[in-house]
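Asker: structure of the sequence below:
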Amino acid sequence: MSRATGWAVAAAGVIGAAVAARVLLSTVTVRGGSMTPALDHGDVLLVLRHRRRARAGRIVVVQRPDRRTGWDGPSDPSAGWYVKRVVAAAGDPVPSWVPGDGPGRVPPGMLVLRGDHPRSEDSKQWGLCPADRMYGVVLARLRATGGDASRPASEPRADPR
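Answerer: Modelled structure (predicted):
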């Protein structure tokens with residue numbers, strides 16, 4: 001392989017990696033205080049966009065529920081986004097604070113979500129969240145606006161970009 005060919009292959013690899021990163025990764029800016037003290041309003045988060053199974057303890061970005069129908073209504077990405085912590089995923093016990101007479105275990109394709117702040121809007125009000133409403137999983141906090149930047153990422157309302 002000639003030197004020029006080697007450079008072309010390397011350049012193609014870099015371009016391919018950049019395109020893949022743009023497709024798979026995005027940033028989210030936290031709006032609100034539902035995840036305080038872990039996340040603050042204005043924090044910027046790196047999100048891996050996917051719809052694979054999320055597990056308890058992970059922070060995710062999900063579609064905001066409709067004010068009238070909750071997550072039972074039709075999917076509407078224009079409704080906005082929530083940043084929340086997964087408390088239980090498929091097969092895990094449903095916490096007693098989740099409303100409804102649902103099953104004792106989280107059914108496949110559903111999540112129980114909770115904000116870190118006690119007054120957060122989450123599964124306490126809206127029940128189980130369909131996993132297909134998930135935008136992605138938070139990988140890291142890129143920029144902290146206040147508090148301790150070494151804290152692990154957590155999440156409130158968000159605007160994916």
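
Asker: with adjacent residues omitted, what lies nearest to His50?
Answerer: What sits nearest to His50 in space, not counting adjacent residues and going by Cβ to Cβ, 6 or more residues apart in numbering, is Gly136, at 5.8 Å. The C-beta positions use only the backbone N, C-alpha and C, and glycine is treated the same way.

Asker: what helix or strand is the one you found located in?
Answerer: Of the helices and strands defined by DSSP states H and E, Gly136 is found in strand 134-143.

Asker: parallel or antiparallel, list what pairs with that strand.
Answerer: On the basis of DSSP bridges, the sheet neighbours of strand 134-143 come out as strand 44-49 (antiparallel), strand 59-63 (antiparallel).

Asker: what is the mean pLDDT for the last one?
Answerer: When pLDDT is averaged over strand 59-63, the result is 94.

Asker: name the next helix or strand downstream of that strand, please.
Answerer: Next helix or strand after strand 59-63 toward the C-terminus (DSSP H and E): strand 81-88.

Asker: next one: the helix or strand following that following strand to chain centre, how far?
Answerer: Where DSSP H and E defines the elements, the next helix or strand beyond strand 81-88 is strand 110-114. Strand 110-114 has its average C-alpha position 11 Å from the chain's average C-alpha position, going by Cα atoms, centre = their mean, to the nearest Å.

Asker: tell me which residues in the helix or strand following strand 110-114 are buried?
Answerer: If you walk from strand 110-114 toward the C-terminus, the next helix or strand you reach (DSSP H and E) is helix 123-126. Within helix 123-126, the residues that qualify as buried by neighbour count (16 or more other Cβ atoms under 10 Å) are 123-124, 126.

Asker: repeat for stretch 30-50
Answerer: Judged by neighbour count (16+ other Cβ under 10 Å), stretch 30-50 contains these buried residues: 30-36, 38-41, 43-48.

Asker: same deal with stretch 94-107?
Answerer: Neighbour-count burial for stretch 94-107 flags 94, 98, 106 (criterion: 16+ other Cβ under 10 Å).

Asker: ok, so of the residues you listed, who is nearest Arg58?
Answerer: In terms of Cβ to Cβ, no member of the buried residues of stretch 94-107 lies closer to Arg58 than Val106, at 14.1 Å.

Asker: wouldn't the closest one be in contact with Val87 here?
Answerer: No: counting by Cβ atoms under 8 Å, Val106 sits too far from Val87 to count as a contact (9.3 Å).
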